[in-house]
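K.L.:
My questions concern the predicted model and sequence given below.
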Amino acid sequence: MSLTESLEGAASGAVSHPTSDPSTDPSTSPAGASPGGGDEWWRHAVTYQVYVRSFADRSGDGVGDLPGITDHLPYLHELGVDALWLTPFYTSPQKDHGYDVADYTDVDRLFGTLADADALITRAHELGLKVIVDLVPNHTSSAHPWFQAALAAAPGSRERERYLFRDGSGPDGGEPPNNWPSVFGGPAWTRVTEADGRPTSDGAATPEQQHLPSTGAATPTRSPQFYLHLFDSSQPDLNWRNPEVAAMFESVLRFWLDRGVDGFRVDVAHGLIKDADLRDQILPAEPEDPLEPHAMVERTAADEPMWDQPEVHEIYRSWHRILAEYPGDRMLVAEAWTQTPESLARYVRPDEMQQAFNFAWLLADWSAAEFADVIRGTLSALAEVGAPPTWVLSNHDVVRHPTRYGGGPVGLARAKAATLAMLALPGSAYLYQGEELGLEQVDVAEEHRQDPAWLRTRTSEAPEPGRDGCRVPLPWAGTTPPYDFSPEGVSPWLPQPETWAPLTAAAQSQAPGSTLQFYRAALAARREHALGAGNEVTLLDARTDVLTFRRGSLTVVLNAGSAAVELPTGTMLIASGELDDGLLPPDTAVWLAG
Ligand code: GLC
């Protein structure tokens, strides 16, 4: 079927997906025609996510580190990205691999030193790469001095007011204060042992928590309290209604801005403020897909008093003002798992953050209709606020997209096609390390798994496989593990598959048709045609199985159906796979000029 025929079919109502009408479809309107719309780098940047412990290990301890990243910055430069985002490398017990911070202004010795961070930032800037660092404001580590002081202090003390300590419920106060679940499984509350030595009694505390220090003054007439942790029990939630917390994070922002970082990725940005009364939530249904841990809490409940509370936006307004004091175009990008494009757009109003991850794109199935809906919904919501869209297919929390799309050669073909479509969309795109090598999710053996989501649920009825499978250290060169991730003879912190020899960066670098060469070519073409700039997308095709859109004089076609389709006329700029006698085969995308 030709494109013309398909459009005729759509017009006669022969398809289930409505035809885009350029006159009324918001996706054709100048979505980014923003009041503040300028030429800031982040408006159109491609950012590469570095999962620090799995990128490159220079020290030889089996864990990636900052010097390892600095060594490989030329690789990222050659790949053609504009920026890198580093996952947390701060002092941390590593219970959640750095998302449990004990000191926000130092580097964990596992990853290097502050001097190593400075060297990385300097070298990246020399190569023209921007550096975004992770900020984890929703919770600290239980090893943070503030939390240790809170445990040692009495209920009601100033120390406890920095976190969310509450008395238990039930006749003897032995039940958690409300029904909130942890995103990682189990209750979101852990009972502490008070200073007078009264034991925990409800079984909610993990063994490690039972041994938390308990020194200092206590009020003997009270029951032991509970503290809130929306994630692991080693990640106590901060009380963002306490001005002391806000002041601490302002100084953390300034510390890293002074060192030259270009932006912050804000972890759990939708979680900082909780309902003032900590009301019960309406319990969500069971997750449909156990491979999507975030889906459990964020997508199913109608009433979630722990997420997306209106007062959270005041925090980002204050941070916006701080960033504006600094030279250059500094930016904030929100990790906010909200329910709708409209609620997400509230995080990127002109006086708040610059970007928010668009997880709707990542959550869409392999479906042209779903992709079109996400494009339309995203641009329409952002048109209200003037922020650039973002697009992302993989990160360190989700199953890698070749595996999500079915795995094997089909999964990889679809992943490349989706990536090619993504890179033609306006705004900013995020890549996750290893996707340029076509890596799939690894089935990590249970004895090697380290994700707290797995550790917290493994003995339950619905164990969570966890996220280790997308975090396996990168293969750089060689034919056997550790593939130059670590020095020869060192075992990386997660075992790498024996089958990765053809996937190493070295093996793919000069191999025609490799995934790495495809990414380099796509990124170069995106840059050459300035596809990140501008703000107009015209959705052309209305079939459920073919996505077609125009960006200026460029036409993008993605075939998500099961039969080859004809292409409109135009000069082929790049394809995600081989054409079939001039036709676009299933699981393939192209960019056409003219
Ligand atoms: C974010 C991070 C995730 C982490 C969680 C708790 O969702 O991306 O890796 O486990 O926050 O900090």
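P.N.:
Arrived safely, thanks for sending.
K.L.:
any weak-confidence spans in this structure?
P.N.:
Counting by pLDDT under 70, the ranges of the chain that qualify are 1-37, 195-222, 283-302, 542.
K.L.:
Might you name the residue of it sitting closest to the ligand?
P.N.:
Tyr99 (3.3 Å; C-beta to the nearest ligand atom). To be clear about C-beta, it is placed using only N, CA and C from the backbone, and glycine gets the same treatment.
K.L.:
How about the residues of the stretch 151-300 of the chain by the ligand?
P.N.:
The stretch 151-300 of the chain has residues 231, 267-268 near the ligand, with proximity defined as C-beta under 6 Å from any ligand atom.
K.L.:
among those, who's most crowded?
P.N.:
Most neighbours among those, by other C-beta atoms under 10 Å: Phe231, with 24 neighbours.
K.L.:
got the phi/psi numbers for that one?
P.N.:
The phi and psi values for Phe231, taken as degrees, to the nearest 10, are phi -120, psi -130.
K.L.:
Can you tell me the SS state at Ala117?
P.N.:
Counting by DSSP: H, G, I helix; E, B strand; the rest coil, the backbone at Ala117 sits in helix.
K.L.:
and it, what does it touch?
P.N.:
By C-beta atoms under 8 Å, 6 or more residues apart in numbering, the residues touching Ala117 are 66, 89, 107, 259.
K.L.:
For the residue most central in space within the chain, which non-adjacent residue is closest in space?
P.N.:
In the chain, the C-alpha nearest the mean C-alpha coordinate belongs to Asn395, at 5.0 Å (C-alpha atoms, centre = their mean). Counting by C-beta to C-beta, 6 or more residues apart in numbering, Tyr432 is the residue found nearest to Asn395 once chain neighbours are left out, at 5.0 Å.
K.L.:
The one you found pairs with what?
P.N.:
Gln49 (DSSP bridges).
K.L.:
Hmm, it is touching Ser394, no?
P.N.:
Yes: using C-beta atoms under 8 Å as the test, Tyr432 is close enough to Ser394 to be in contact (3.9 Å).
K.L.:
related to what we said a few turns ago, what's the local residue count around the residue nearest to Asn395?
P.N.:
Neighbours of Tyr432 using other C-beta under 10 Å come to 23.
K.L.:
How about the contacts made by it?
P.N.:
Here Tyr432 is in contact with 48-49, 51, 392-396, 400, 470 (C-beta under 8 Å, 6+ apart).
K.L.:
filter those residues to the buried ones?
P.N.:
Among the contacts of Tyr432, those classed as buried by 16 or more other C-beta atoms under 10 Å are 48-49, 51, 392-396, 400, 470.
K.L.:
got the residues you listed as TSV, with distance to Val133 and secondary structure columns?
P.N.:
Formatted as TSV, these follow (distance: C-beta to C-beta, whole Å; DSSP: H, G, I helix; E, B strand; the rest coil):
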residue	distance to Val133	secondary structure
Tyr48	14	strand
Gln49	12	strand
Tyr51	13	coil
Val392	18	strand
Leu393	22	coil
Ser394	20	coil
Asn395	15	coil
His396	15	coil
Arg400	23	coil
Cys470	20	helix
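K.L.:
Ser343: helix or strand, and which one exactly?
P.N.:
helix 341-345 (DSSP states H and E).
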